[in-house]
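Visitor: Output the structure for:
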Amino acid sequence: MEKVSFEIKAKVEAVERGHLLAGLIQLAKLRVTFFVALSSFFGYIFYGGFSWQSLLVVSGVFLTAVSSSAINQYQERKYDKLMARTRQRPLPAKKLRKEEALIFIIFTGILGIFLLGLTFNVLAVGLAAFSMIWYNLVYTPLKRKTAFAVLPGALLGAIPPVIGWAVAGGDLFSPKIMFIAILFFLFQIPHFWFLFLIYNDDYKQGGYPTLKDVLKVNQIGRISFVWIVCLAIVAVAEPFFFVNNPLFLAVIFGMSVILIWKNKFLLNLEETNENISYRIAFQTLNIYVLLVVVILTLEKIISNK
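Guide: Modelled structure (predicted):
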């Protein structure tokens with residue numbers, strides 16, 4: 001009888017551990033934090049090429065991003081419960097206790113800063129700490145007050161590649177890293193605008209101010225198109241400063257023309273098809289930036305051989 005009771009208890013504990021692990025993985029937002037870490041790797045190899053030190057950078061940035069993401073979900077748990085898109089997150093759905101989330105936040109944050117500290121680069125540690133403060137103490141509260149919070153929030157997208165660049169030994173004021181930072185900054189704004197617009201009704205349900213509260217649909221479309229054109233211009237101009245292969249220049253130029261052409265419908269955006277339009281723009285924008293980063297990385301690797 002005792003043996004049966006012990007086996008049942010062991011199975012219950014195994015299930016609970018499985019639920020805890022699943023909740024922590026969901027809290028980490030792996031899809032988002034992975035790409036944050038990847039952008040730091042891009043910044044590192046863009047200056048110094050691959051080395052084992054780059055793994056410290058990627059791991060440190062990844063863990064600090066995970067910690068920030070978890071803090072954000074802890075801060076917004078009451079509002080997440082109100083929205084269909086977020087109500088199944090671990091805290092509003094009670095898949096995790098608040099205490100478990102806080103332990104996870106502290107552990108990942110400290111470990112991430114520690115790993116970056118092993119690079120002996122004070123700037124990298126400072127930028128990572130600044131990102132966490134800016135995301136959780138500035139951007140997250142600002143989202144409750146204005147639909148334009150994404151403008152200061154976009155700064156967060158520019159920091160990870162700068163961290164990688166700095167650890168590799170690059171000059172913070174080099175035109176190369178400035179171009180890269182501007183590219184990521186410009187990308188963040190339409191990226192998050194389209195995401196918020198796709199889930200506009202959900203965000204209103206959660207009590208967040210939205211772009212449609214302050215702008216008409218056709219105005220949103222035109223402003224978004226201007227941001228995309230600015231992004232494409234920077235992406236086209238960037239390689240002329242540090243890309244030697246004319247093939248790569250031609251590919252980036254061609255992709256930029258396609259990006260602008262594919263999103264020209266934003267100039268005449270209508271309410272009847274706006275949600276589908278936002279999704280198309282969101283997807284093409286993400287694919288474009290990913291391909292630009294891949295092409296610039298390949299060119300760097302080839303030119304170093």
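Visitor: For residue 89, which non-adjacent residue is spatially closest?
Guide: Counting by CB to CB, 6 or more residues apart in numbering, residue 89 lies nearest to residue 80, which is 5.3 Å off, once chain neighbours are set aside. C-beta here means a position set from N, CA and C on the backbone, and glycine is covered the same way.
Visitor: And the one you found, how far from residue 216?
Guide: 29 Å (CB to CB, to the nearest Å).
Visitor: Looking at these two, which is more packed in?
Guide: residue 80 (21 against 12; other CB atoms under 10 Å).
Visitor: my read: residue 209 touches residue 146, true?
Guide: Yes - between residue 209 and residue 146 there is a contact under CB atoms under 8 Å: 5.9 Å.
Visitor: For the two, indicate the residue with more neighbours.
Guide: residue 209 (17 against 14).
Visitor: related to what we said a few turns ago, state whether the residue nearest to residue 89 and residue 94 are indeed in contact, as I suppose.
Guide: No - applying CB under 8 Å as the test, residue 80 and residue 94 come out as separate, 11.7 Å apart.
Visitor: Return every residue with contacts to both of these two.
Guide: Overlap between the contact sets of residue 80 and residue 94, as judged by CB atoms under 8 Å, 6 or more residues apart in numbering, is nil.
Visitor: Hmm, residue 137 and residue 68 touching each other?
Guide: No - with contact defined as CB under 8 Å, residue 68 does not reach residue 137; the gap is 10.5 Å.
Visitor: List the residues that contact residue 136.
Guide: 68, 71, 72, 75.
Visitor: Show me which of residue 68 and residue 137 is the more surrounded one.
Guide: Neighbour count, other CB under 10 Å: between residue 68 and residue 137, residue 68 has more, with 27 against 12.
Visitor: so where's the protein shaky on pLDDT?
Guide: The model of the chain has pLDDT under 70 over residues 1-18, 241, 272, 305.
Visitor: Domain map for it?
Guide: 13-172, 173-305 (automatic domain parsing).
Visitor: What number of residues are in the vicinity of residue 291?
Guide: For residue 291, using other CB under 10 Å, the count is 15.
Visitor: I should have written residue 40 there, sorry.
Guide: Around residue 40 there are 30 other residues, counting by other CB under 10 Å.
Visitor: Please apply the same query to the one 4 residues further on.
Guide: In terms of burial, residue 44 registers 31 neighbours under the definition other CB under 10 Å.
Visitor: how about it, what does it touch?
Guide: Residue 44 makes contact with 53, 54, 57, 58, 164, 165, 167, 168, according to CB under 8 Å, 6+ apart.
Visitor: Report the secondary structure state of the closest residue to it other than its chain neighbours.
Guide: Of all residues not flanking residue 44 in the chain, residue 164 sits nearest, at 3.4 Å (CB to CB, 6+ apart). Look at residue 164: counting by DSSP: H, G, I helix; E, B strand; the rest coil, its state is helix.
Visitor: isn't residue 164 right up against residue 57?
Guide: Yes - in this structure residue 164 lies within contact range of residue 57 using CB under 8 Å: 5.2 Å.
Visitor: just the strands in the protein please.
Guide: Read by DSSP state E, the chain holds no strands at all.
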